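1. No sequence on hand, only this structure:
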């Protein structure tokens, strides 16, 4: 059975593999297709698709958008996004600028806590990347302020910590409409991570379906079999397609591998065939 991975990240956002390295690794893992879904950017797609032609891997253009609904953080993945869409480019540029403003504020908060890290250092250590909290945590470890990236989040930059700054985000409704207008396919990424009750999770699925959501991730490395089964049940009830992927970031997420997650993930190729039918 051909296997795929529709949720991956590269150095264009907060992954540790370049787009080319990611695709070459996908070929070694014998994946038939991957979607490059970096955070708030399509910058790595052209390179990845060029590598896909070289290594025989079908590369889908995508991006992962951070959205918020009534203080609940929801990630919406857009698949089959055209790089030449003026609206997509404009929105991604806006989000990139908002992320920069947030990073500057967090760095100042860290300085107030005795952690001296500059934006220039981040850019030097992580060139051509969309700087995120993961990069800040990594540099904090490199400079010896913390013993691990997890410690950086737990003590300084995790939600509700002293240096944390809320991210400016789109609403799910705006994001789904943006993806649909560009001819893409919208997917609610890792819904189980929102930690909603079964009742509230179903209410959210119903709400997002009303906004035009196309699919939901039923395959994800941290799901239990019962969680995956429940997502599939909701997808069937609300006529949503299924998607899935490893959320691979490279060394930032130790033990999490491309295509197989923590060892048992298998995303079947037929999901991609169903998703392709939804393209605008």
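-> Good, I have the coordinates. Nothing here was measured: the structure is a model prediction, and the numbers come from that model.
2. Which strands or helices does the one helix or strand in the chain whose mean pLDDT sits lowest pack on?
-> Ranked by mean pLDDT, DSSP states H and E, the weakest helix or strand in the chain is helix 86-112, scoring a mean of 91. Packing contacts for helix 86-112, counted by 3 or more C-beta pairs under 8 Å, 6 or more residues apart in numbering; DSSP states H and E, involve strand 58-69, helix 119-125, helix 133-142, helix 172-181. The C-beta positions use only the backbone N, C-alpha and C, and glycine is treated the same way.
3. residues in contact with the last one?
-> Contacts to helix 172-181, defined as C-beta atoms under 8 Å, 6 or more residues apart in numbering, come from residues 65, 67, 69, 74, 76, 78, 81, 87-88, 91, 170, 185-186, 207-208, 211-214, 280.
4. swap the cut-off to 6 Å and go again
-> The contact list for helix 172-181, computed with C-beta atoms under 6 Å, 6 or more residues apart in numbering, reads 65, 67, 69, 74, 76, 78, 91, 186, 208, 211, 212, 213.
5. got these as CSV, with neighbour count columns?
-> Listed next are the contacts of helix 172-181 as CSV, based on neighbours: other C-beta atoms under 10 Å:
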residue, neighbour count
65, 25
67, 19
69, 16
74, 21
76, 24
78, 25
91, 20
186, 27
208, 25
211, 17
212, 14
213, 26
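6. Turn the residues you listed into TSV, columns for distance to residue 57.
-> Formatted as TSV, the contacts of helix 172-181 follow (distance: C-beta to C-beta, whole Å):
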residue	distance to residue 57
65	24
67	29
69	34
74	29
76	24
78	20
91	28
186	23
208	30
211	32
212	29
213	27
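7. which among those gets closest to residue 129?
-> Nearest to residue 129 among those: residue 65, at 17.6 Å, using C-beta to C-beta.
8. Please look at that closest one and residue 74 and confirm they touch.
-> No - Residue 65 is beyond contact range of residue 74, at 9.1 Å (criterion: C-beta atoms under 6 Å).
9. Relative to residue 144, how far out is the closest residue to residue 44 other than its chain neighbours?
-> Among residues not flanking residue 44 along the chain, residue 12 sits closest, at 3.1 Å (C-beta to C-beta, 6 or more residues apart in numbering). With distances taken as C-beta to C-beta, to the nearest Å, residue 12 is found 28 Å from residue 144.
10. what about these two, which has more around it?
-> residue 12 (24 against 7; other C-beta atoms under 10 Å).
11. what helix or strand is the more buried one on?
-> Secondary structure assigned from DSSP states H and E places residue 12 in neither a helix nor a strand.
12. pretty sure it is touching residue 43, no?
-> Yes - contact criterion C-beta under 6 Å: residue 12 and residue 43 qualify, at 4.4 Å.
13. How many residues are close by residue 73?
-> 13.
14. how close does it get to residue 190?
-> For residue 73, the distance to residue 190 - C-beta to C-beta - is 11 Å.
15. which residues touch the most centrally placed residue in the chain?
-> For the chain, the residue nearest the mean C-alpha position is residue 64 (4.3 Å; C-alpha atoms, centre = their mean). By C-beta under 6 Å, 6+ apart, residue 64 lies in contact with 37, 39, 75, 77.
16. Next, give me the two most distant ones among those.
-> Pairwise across these, and taking C-beta to C-beta, the largest span is found between 39 and 77, at 10.3 Å.
17. Residue 83: neighbour count?
-> Around residue 83 there are 12 residues (other C-beta under 10 Å).
18. Residue 210 too?
-> 11.
19. that older thread, just the pLDDT for the residue nearest to the centre of the chain.
-> On the pLDDT scale, residue 64 is placed at 95.
20. beta partners for it?
-> Going by DSSP bridges, residue 64 is paired in beta bridges with residue 39, residue 77.
21. coming back round to it: who has more neighbours, residue 39 and residue 77?
-> Between residue 39 and residue 77, residue 77 has the larger neighbour count (other C-beta under 10 Å), namely 27 against 21.
22. out of the helices and strands packed on helix 86-112, nearest to residue 228?
-> Of these, nearest to residue 228 by C-beta to C-beta is strand 58-69, at 19.9 Å.
23. how far does the closest one sit from the chain's center?
-> Relative to its chain's centre, strand 58-69 lies at 6 Å (C-alpha atoms, centre = their mean, to the nearest Å).
24. ok, now stretch 160-173?
-> 15 Å.
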